[in-house]
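here's my sequence, what's the structure:
(one chain, ligands or ions: 2)
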Amino acid sequence: MIKNQGNNNLTAIVVAAGVGSRMGDKSPKQYKKIGTKTMLELSIYALLAEPRITRVIVVVSPSDMLAQSLNFDNDAVTVARVGGLTRASSVQNGLSYAAFTSNDWVLVHDAARPCLLASDVSKLIDTCIENDKGGLLAVRVNDTLKKESNNGTASHTVPRDGLWAAQTPQMFKAFDLIDALEKAGESVTDEASAMEKAGDSPLLVEGTETNIKVTRPTDLWLAEAILDKRNKGLK
Ligand SMILES: Nc1ccn([C@@H]2O[C@H](COP(=O)(O)OP(=O)(O)OP(=O)(O)O)[C@@H](O)[C@H]2O)c(=O)n1
Ligand SMILES: C[C@](O)(CO)[C@H](O)COP(=O)(O)O
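Numbering: from 1, shown residues only. Ligands and ions are numbered 1, 2, ... in the order given. The predicted structure follows:
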């Protein structure tokens, strides 16, 4: 059981139990290497670069055979074989595994977002704690958005004013998120959706465009280019 950790001992849950079907590859995308590290490792290290995160629970599928080769050489990281059939269920199972005993904050991050900047993690934590309100990293939508009709044509343009693309990590009080996810069901695709359904209005914390979710093959080389540039000193 995790006792009250306070704001300097935060828990992050990294969801890494997906199959990566949109990548069209046989191995789950979270184990794809960018340079010498897997996407999963990069996502975890970006979180651990924020000193207030002192515990990372990595949720993998119970059938994940690659997880046993993981060695983070860091006592802060625990691999939990509690992944579910949906992302939401993996998050719920990770929250249960964490066994919070007080309503501490929790951050939830996609293993598929390896380009996360530690500075953005710090910004999210600072903003949520200063406002005592949960929130998420997000970026404003730049493209003109079209709503598809049922025959592959554009029926209309969706006004993009005020539209943001949600990223992760998303940060909420653990007990509030547990309750919200329980009520929202497994159809929600992020934590903020569940909180919104519960009547909350999560803070939008402006993140960085490079915090992409690696979903399809082209995203992988985008992530490689981003991290290559970053390793050369460009943000
Ligand atoms: N049942 C699931 C589904 C997804 N995820 C995780 O949630 C993150 C975002 O999900 P997504 O990008 O959709 O990953 P996949 O579900 O693996 O991809 P796909 O939908 O293409 O199968 C990923 O880190 C993925 O590992 C998870 O932990 N459990
Ligand atoms: C949580 C998320 O990354 C926010 O944009 C996104 O909803 C995950 O969606 P996915 O279909 O599970 O990748």
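
are stretch 205-220 and ligand 2 in contact anywhere?
Yes - for stretch 205-220, a contact with ligand 2 is found by Cβ under 6 Å from any ligand atom, at residue 213. To be clear about C-beta, it is placed using only N, CA and C from the backbone, and glycine gets the same treatment.

how long is that stretch end to end?
25 Å (Cα to Cα, to the nearest Å).

pLDDT of that stretch, averaged?
The average pLDDT for stretch 205-220 rounds to 98.

swap in stretch 70-80?
Stretch 70-80 comes out with an average pLDDT of 90.

what does that stretch rub up against?
For stretch 70-80, the external contacting residues (Cβ atoms under 8 Å, 6 or more residues apart in numbering) are 40-41, 44, 48, 53-60, 67, 93-94, 97.

of the residues you listed, which ones also sit close to ligand 1?
Applying Cβ under 6 Å from any ligand atom to those, one finds that residue 59 fall near ligand 1.

which stretches of the protein have low pLDDT?
Residue ranges of the chain with pLDDT under 70: 1-6, 235.

what ranges does it have for its strands?
Under the criterion DSSP state E, strands of the chain are mapped to 10-15, 33-34, 37-38, 53-59, 77-80, 105-110, 135-140, 145-148, 154-158, 164-173, 203-206.

for the second one, give me every contacting residue.
With contact meaning Cβ under 8 Å, 6+ apart, strand 33-34 is reached by 39, 42, 114, 220, 223-224, 227.

restricted to helices, list the residues you listed.
Applying DSSP state H to those, the entries found in helices are 39, 42, 220, 223-224, 227.

now render those as JSON lines, adding distance to residue 138 and neighbour count.
Listed next are the ones in helices among the contacts of strand 33-34 as JSON lines, based on distance: Cβ to Cβ, whole Å; neighbours: other Cβ atoms under 10 Å:
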{"residue": "39", "distance to residue 138": "21", "neighbour count": "25"}
{"residue": "42", "distance to residue 138": "20", "neighbour count": "21"}
{"residue": "220", "distance to residue 138": "22", "neighbour count": "20"}
{"residue": "223", "distance to residue 138": "19", "neighbour count": "23"}
{"residue": "224", "distance to residue 138": "24", "neighbour count": "17"}
{"residue": "227", "distance to residue 138": "21", "neighbour count": "17"}
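
nearest to residue 27 among those residues?
Relative to residue 27, the closest of those is residue 39; by Cβ to Cβ it sits at 11.4 Å.

that closest one and residue 23: what is the separation?
Going from residue 39 to residue 23 by Cβ to Cβ, to the nearest Å gives 11 Å.

ignoring the adjacent residues along the chain, who's closest to the residue positioned nearest the centre of the chain?
By Cα atoms, centre = their mean, the chain has its centre lying nearest to residue 109, at 2.1 Å. Excluding its sequence neighbours, the residue lying closest to residue 109 (Cβ to Cβ, 6 or more residues apart in numbering) is residue 169, at 4.1 Å.
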